[in-house]
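Asker: Need the 3D shape of this:
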Amino acid sequence: MTAYRLAVYTFGQFVDRADSPALKDFFDIEPSVLAELEAAEGFIARSGYDSDEGPGSWGAQVFPKFWRDNGDGWAPSTLSLWTSPEALAAVTYHGRHGAAYKRGREWNLPAVEWPGYALWWVEADHRPDWREAVERHEHLGDHGPSPKAFTFKQLYRPDGTPSKLDSAKVKELAQRKLVSTGEVPGS
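Answerer: Modelled structure (predicted):
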């Protein structure tokens, strides 16, 4: 039986150049958000960026056709691997990342013309590169959810059959994280 991992590519467009004061809070909290993601249950690995310290880049970073250069040559994007959609959802919508996600409109243009992210399954011995991630993202934007690229709203299993997010599992994982870190829910 083949083992699979969930790949996720996120993409956004900043409201201004990366060196703008409007984005200071984003860059101030980014290291702690990335650290929380990497410590999350279900996290496997993430690509770094050629220009930053940390994990190595999974190939040359490229951006999707939806990208519009605002003069600084890049856009906020991530590429990572997870054990399940539930593990990814738990850390995406809760904790530090969840708090940052709620502030996303301060830093990013609305994802109206493009999907904010794309999910797809890869075999356990495969690590996607930035080019593959962009191809999946563009496919989702052009054709909607399918086994090739999908979202939390329309999930697929590795065999291509439709699936749904297990909300109870997401809550359990998020609660376990709160307990393990000593955080108090609602505080």
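Asker: Verify the stated contact: Gly56 with Arg46.
Answerer: No. Taking contacts as C-beta atoms under 8 Å, Gly56 lies outside contact range of Arg46: 10.3 Å. For glycine as for every other residue, the C-beta is placed from the backbone atoms N, C-alpha and C.
Asker: Comparing these two, which shows the higher neighbour count?
Answerer: Between Gly56 and Arg46, counting by other C-beta atoms under 10 Å, Arg46 is the more crowded of the two (17 against 9).
Asker: how about the more buried one, what does it touch?
Answerer: 34, 37-38, 55, 78-81 (C-beta atoms under 8 Å, 6 or more residues apart in numbering).
Asker: and if we set it to 6 Å?
Answerer: Ser80 (C-beta atoms under 6 Å, 6 or more residues apart in numbering).
Asker: Likewise for Gly71?
Answerer: Contacts of Gly71 by C-beta under 6 Å, 6+ apart are Arg17.
Asker: Now Phe152. Nearest residue, chain neighbours left out?
Answerer: Distances taken as C-beta to C-beta, 6 or more residues apart in numbering put Leu165 closest to Phe152, at 5.4 Å, once the chain neighbours are dropped.
Asker: What's the local residue count around that neighbour?
Answerer: 17.
Asker: Isn't it up against Gln154?
Answerer: No. Judged on C-beta atoms under 6 Å, Leu165 makes no contact with Gln154 at a distance of 9.8 Å.
Asker: so where do the helices sit in the chain?
Answerer: 24-39, 85-92, 95-102, 104-107, 130-143, 167-181 (DSSP state H).
Asker: Backbone torsions only: list them for Phe66.
Answerer: phi -80, psi -10 (degrees, to the nearest 10).
Asker: Buried residues of stretch 150-163, list them for me.
Answerer: Using 16 or more other C-beta atoms under 10 Å as the test for burial, stretch 150-163 gives 150-152, 155-156, 158.
Asker: ok, Leu119 - contacts?
Answerer: Contacts of Leu119 by C-beta under 6 Å, 6+ apart are 8, 150.
Asker: Repeat that for the one 10 residues further on.
Answerer: Counting by C-beta under 6 Å, 6+ apart, Asp129 touches 58-59.
Asker: and it, how far is that from Trp58?
Answerer: 5 Å (C-beta to C-beta, to the nearest Å).
Asker: can you check Lys65 too?
Answerer: 20 Å.
Asker: what about the residue nearest to Phe152, distance to Trp114?
Answerer: 22 Å.
Asker: Tally up the residues packed near Arg5, please.
Answerer: The tally of other residues near Arg5 (other C-beta under 10 Å) stands at 21.
Asker: Please name the bridge partners of the nearest residue to it once chain neighbours are set aside.
Answerer: Of all residues beyond its chain neighbours, the one nearest Arg5 is Leu81 (4.7 Å), with distances taken as C-beta to C-beta, 6+ apart. Note on Leu81: beta-bridge partners Ala7, Ala45, judged by DSSP bridges.
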